[in-house]
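[1] give me the fold of what follows.
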Amino acid sequence: MNTKKIVVSILGCGWYGLELGKELVKNGYPVKGSTTRTEKFVLLRDSGIMPYLVQFDDKGGDFDADFFNSEVLIICIPPKRSTAEQHTFLSKIERIATAAARQLIKHVIFISSTSVYGDRNIEVDENTDPQPDSDSGKAIRSAELLLKNTTGFDTTILRFGGLIGPGRDPGRFFAGKSDIPNGDAPVNLIHLQDCIGITMQIIDQHSYGDIINACAADHPDRASFYTAAALRSGLEKPTFIRELLSWKIVSSVLLEEKLKYRFTVKLNSLV
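    Below is the predicted model of the structure:
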């Protein structure tokens, strides 16, 4: 099978989705991209992405069915921070799954989060039973299960750690703040460059149906990492309380063993 001929639909062309779409186009994939605003059509077209207006909420959906006439659908629309959105997120995902199953979609890649594990003071990997301890983590975990249990396509769960990269400078996260708790807790982060690289590896290798953790393999403590990041960006140095409260270390079994992926951005090199 020539995977370069498959069409990929990206539901949610935001910080990650747009850059992923550009990389797919650069590598010869036809890409359909969704937006909820027609003003974004020009940006998508200029990036080589076919734009579609797609809107889902807890009451219904408004979309061109052709958006789902693709082999691969990438869902990258995390629940918003509001409690109301987190409660309606599952019904939105259910409507998306129904639309995908009715069309030509064979493979769904759901961009999830390592928040599904909660902070249980242990090291976790893909074999660890998720026990989310936040509303957003619980919403995302429910969406994972719904998609995995939907027939008509297979689902790959890609659990990203905290996102950093262009436009998400970690130096700004705590700059100038004082007495930040949990300074000795390990960080679980991933750079945009690796988010895209891992997703491309899944599609290029036609390796679907897995649950994959995607965090950089190194986990410096919060105080060291964010202090260095602030200083590197020329921002005011934050101060942390050197204590270890709730934490987790997110590891991956599949990135190296199955996908043979090697991270391009190492967090320890940024400290």
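[2] assumed V108 was part of a helix.
    No. Counting by DSSP: H, G, I helix; E, B strand; the rest coil, V108 is not part of a helix but strand.
[3] just checking, it touches T156?
    Yes. If you go by CB atoms under 8 Å, V108 and T156 touch, sitting 7.0 Å apart. For every residue, glycine as well, the C-beta is placed using N, CA and C.
[4] between these two, point out the one with more neighbours.
    Taking neighbours as other CB atoms under 10 Å, V108 and T156 compare with V108 leading, 26 against 23.
[5] quick one: contacts for that one?
    Counting by CB atoms under 8 Å, 6 or more residues apart in numbering, V108 touches 72-75, 97, 100, 147, 153-156.
[6] now D218
    Taking CB under 8 Å, 6+ apart as the test, what D218 contacts is 266-268.
[7] list just the nearest of these to F67.
    Checking the contacts of D218 against F67 by CB to CB gives L267 as the nearest, at 36.1 Å.
[8] hmm, E243 is touching D184, no?
    Yes. If you go by CB under 8 Å, E243 and D184 touch, sitting 6.0 Å apart.
[9] okay, those two: which has more neighbours?
    Between E243 and D184, D184 has the larger neighbour count (other CB under 10 Å), namely 15 against 11.
[10] nearest residue to the more buried one other than its sequence neighbours?
    Leaving out its chain neighbours, the residue that sits closest to D184 by CB to CB, 6 or more residues apart in numbering is L244, at 4.2 Å.
[11] quick check: phi and psi on that neighbour?
    Per-residue torsions, L244: phi -120, psi 110 (degrees, to the nearest 10).
[12] first to last residue in stretch 257-271, what's the distance?
    With CA to CA, to the nearest Å as the measure, stretch 257-271 spans 28 Å from end to end.
[13] tell me the buried residues in it?
    259, 261, 263, 265, 267, 270-271 (16 or more other CB atoms under 10 Å).
[14] now, which of those sits nearest L192?
    For those, the minimum distance to L192 (CB to CB) is 8.7 Å, reached by V265.
[15] name the nearest of the contacts of D218 relative to P238.
    L267 (17.0 Å).
[16] show me what contacts the closest one?
    Neighbour list for L267: 187, 189, 216, 218-220, 225 [criterion: CB under 8 Å, 6+ apart].
[17] between all of those residues, which two are separated the most?
    Comparing every pair within the contacts of L267 by CB to CB identifies A216 and F225 as the most remote, at 10.6 Å.
[18] anything in contact with each of the two?
    Taking CB under 8 Å, 6+ apart as the contact rule, A216 and F225 both touch 189, 267.
[19] neighbouring contacts of stretch 111-124?
    Counting by CB under 8 Å, 6+ apart, 16, 74-76, 78, 128, 130-134, 136-137, 140-141, 143-144, 157-161, 188, 213, 215, 246-251 sit against stretch 111-124.
[20] count of neighbours near the residue lying closest to G48 once chain neighbours are set aside?
    Once flanking residues are discounted, G48 sits nearest to V25: 3.8 Å by CB to CB, 6+ apart. By other CB under 10 Å, the residues close to V25 number 17.
[21] sec struct for V25, please.
    At V25 the chain is in helix, as set by three-state DSSP.
[22] quick one: the nearest residue to F240 once chain neighbours are set aside and H191, what's the gap?
    Of all residues not flanking F240 in the chain, G183 sits nearest, at 3.0 Å (CB to CB, 6+ apart). Remark: distance between G183 and H191 (CB to CB, to the nearest Å) = 22 Å.
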